[in-house]
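Asker: Let's see this in three dimensions:
(one chain, ligands or ions: 1)
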Amino acid sequence: MRALNRFNRKAVFHSLKVSLAATAVSLFLCTSCSKAKNSKSISGDSEPAKVESFQKNMPFAFGAAVNINLLKSNTSYRELVIKEYSSLTAENAMKFGALHPAEKTYNWSDADYLVQFASDNNKRVHGHTLIWYKSLPTWVMDFQGDSEAWEQLFKNHIQAVVSRFRGRVVSWDVVNEALEDNGTLRNSIWLQKLGPNYIARAFQYAHEADPNALLFYNDYGHEYSSVKRAAIINLVNGLKNAGVPIHGIGLQMHTRYNQTDANLNAAITDASQTGLKVHISELDIAVNPDNNPSLTFSALLEEQQAEKYFFIVKTFNALPANQKFGITTWNVSDADTWITGHYKRPDWPLPFDKNYKRKACYQAIIDAVK
Ligand code: 9MR
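Answerer: Okay, the predicted model is just below:
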């Protein structure tokens, strides 16, 4: 039924001129959506459509990675975060370098701010990330010590962070990106200093610090590399079968508008076959993956992006209820996406535009769960 709706929408779109302004497209989507949503009141008059939000409409946690400076300083951003999302991830504020800049110094201020903001506004916090090869402070990169000293450093960090937020951060990306694209273990400082079982031990240490926290292995590439996907699933199943306290698998899913539905489906369904909770943890859909410096965001691209969001959300929503941990987009709007800075190109990967207005994919996400 929904697929038909989407098909109809697509057909209408293709009858429009491709050059149609994006604002006109959004207007069209909003109008058709309000029509569909209007319902009769008891008196028989039609009521205005209820204002929808991700928070009200999504049947599972729908979140975003947030930037603490924007949350503090930009009212539009803050209001939008309050209104739309039920789950928050710190884009950077809970990374090793941010929290633990010197061996005996922890800097909790931004992470505390986020956790308090979430509590004040009744939102879940997902912790990102305890052990990663990036965003490490120089004191760790330069650390001199034997394997016992390294183990202490590793354990202390994990347990200091997890216990600080025990009961307030419900879940953690315990280990992030431990695999290379070819499926081998990444030659990170953790592997070098601690050996391959560091992954299992990270989960054990986190579990000791908060036995109720849900613990995730988070990585990217499930949708574009069957080799990487198999390696991730293998790693996760190995941990699970060894009795390691792992509860979920995070699919970052930094993807692109022209990724195939077959690949996206394989990523989501293979992850669910582990039996663990599934978190699409860093979703964004690039429309300029080829780095065209003069690309503009056309109505066609907007619709193709919406179709891809629709497919991902619909596929995720079909998973068993107890495995749907949630979907988190990486950033909030096209104004604050990491992609433009990182790849030095224009791009429009998120459900909100640079002015925090909803794009076509916003409605597609909501339609995908109807
Ligand atoms: O979006 C994040 C960016 O602001 C940081 O500079 C970068 C390095 O810490 O990390 C980015 O977030 C990454 C996330 O933590 C892990 N998966 C890939 C994300 C995008 O690079």
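
Asker: Tell me which residue in this structure sits closest to the ligand.
Answerer: residue 338 (3.5 Å; C-beta to the nearest ligand atom). Yep, even glycine has a C-beta here, placed from its N, CA and C like the rest.

Asker: Wait, that residue touches residue 330, no?
Answerer: Yes - using C-beta atoms under 8 Å, residue 338 is in contact with residue 330, at 6.6 Å.

Asker: ok, the two, which is more surrounded?
Answerer: Neighbour totals were compared for residue 338 and residue 330, and residue 330 leads with 22 against 17 (other C-beta atoms under 10 Å).

Asker: What sits closest to that one if chain neighbours are left out?
Answerer: With sequence-adjacent residues excluded and distances taken as C-beta to C-beta, 6 or more residues apart in numbering, residue 330 is closest to residue 282, at 4.0 Å.

Asker: show me the residues around that neighbour that make contact.
Answerer: Taking C-beta atoms under 8 Å, 6 or more residues apart in numbering, we find residue 282 in contact with 65, 218, 220, 250, 252-254, 328-330.

Asker: at 6 Å instead, please
Answerer: When contacts are counted by C-beta atoms under 6 Å, 6 or more residues apart in numbering, residue 282 touches 252, 254, 330.

Asker: And for residue 350?
Answerer: 284, 329, 331, 333-334, 337.

Asker: quick one: low-confidence ranges for the stretch 1-150 of the chain?
Answerer: For the stretch 1-150 of the chain, the stretches with pLDDT under 70 are 1-51.

Asker: Just the strands from it, written as ranges.
Answerer: Counting by DSSP state E, counting those that start in this stretch, residue ranges of the strands within the stretch 1-150 of the chain are 62-66, 87-90, 124-131.

Asker: now swap in the stretch 151-300 of the chain and tell me
Answerer: 171-176, 214-219, 248-251, 254-256, 277-286.

Asker: Outside of the shortest one itself, list whatever touches it.
Answerer: Read it as strand 254-256. 220, 223, 282, 284-286, 289.

Asker: Just give the strands next to that strand in its sheet, each with its orientation.
Answerer: Partner strands and pairing direction for strand 254-256 (DSSP bridges) are strand 277-286 (parallel).

Asker: What average pLDDT does the strand it pairs with get?
Answerer: Per-residue pLDDT values across strand 277-286 average out to 99.

Asker: again with stretch 352-369
Answerer: If you average the pLDDT values across stretch 352-369, you get 98.

Asker: Would you mind listing what in the stretch 1-150 of the chain touches the ligand?
Answerer: Contact residues of the stretch 1-150 of the chain with respect to the ligand, defined by C-beta under 6 Å from any ligand atom, are listed as 91-92, 95, 134-135.

Asker: cutoff 5 Å now
Answerer: Within the stretch 1-150 of the chain, the positions lying close to the ligand (C-beta under 5 Å from any ligand atom) are 91, 135.

Asker: Ok, the stretch 201-350 of the chain next?
Answerer: Residues of the stretch 201-350 of the chain lying near the ligand (C-beta under 5 Å from any ligand atom): residue 338.

Asker: I'd guessed residue 339 sits against residue 345; true?
Answerer: No - between residue 339 and residue 345 no contact is recorded; they are 7.6 Å apart, counting by C-beta atoms under 6 Å.

Asker: Name the residue in those two with the higher neighbour count.
Answerer: Between residue 339 and residue 345, counting by other C-beta under 10 Å, residue 339 is the more crowded of the two (22 against 17).

Asker: Check which helix or strand the more buried one maps to.
Answerer: Counting by DSSP states H and E, the secondary-structure element that holds residue 339 is helix 338-343.

Asker: And for the closest residue to residue 118 other than its chain neighbours, the neighbour number?
Answerer: Using C-beta to C-beta, 6+ apart and skipping residues adjacent in sequence, the residue nearest residue 118 is residue 125, 4.7 Å away. Per other C-beta under 10 Å, the neighbour tally for residue 125 reads 24.

Asker: thinking again about what came up before, residue 183: which of the strands of the stretch 151-300 of the chain is closest?
Answerer: Closest to residue 183 of these, according to C-beta to C-beta: strand 214-219, at 11.0 Å.

Asker: Just the CA coordinates for the closest one, please, in CSV.
Answerer: Extracted C-alpha coordinates of strand 214-219, given in CSV (Å, rounded to 0.1, in the frame of the first residue of the first chain):
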residue,chain,number,x,y,z
LEU,A,214,23.3,-2.0,26.1
LEU,A,215,26.6,-2.6,24.5
PHE,A,216,27.2,-2.2,20.7
TYR,A,217,29.8,-2.9,18.2
ASN,A,218,29.7,-0.1,15.6
ASP,A,219,31.2,0.0,12.1
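
Asker: Counting by contacts, list what it packs against.
Answerer: The contact analysis (3 or more C-beta pairs under 6 Å, 6 or more residues apart in numbering; DSSP states H and E) places strand 214-219 against strand 171-176, strand 248-251.

Asker: Give me the contact list for that strand.
Answerer: Looking at what lies outside strand 214-219 - C-beta under 6 Å, 6+ apart - the contacts are 171-177, 203, 206, 232, 236, 245-250, 281.

Asker: Okay, angle between it and strand 124-131 too, please.
Answerer: 60 degrees (axes from the mean of the first three to the mean of the last three C-alpha atoms, to 10 degrees).

Asker: So what sits opposite residue 285 in the bridge?
Answerer: When assigned by DSSP bridges, residue 285 has beta-bridge partners residue 255.

Asker: Quick one: residues contacting it.
Answerer: Listed by C-beta under 6 Å, 6+ apart, the contact set of residue 285 reads 255, 257, 305, 308, 349.
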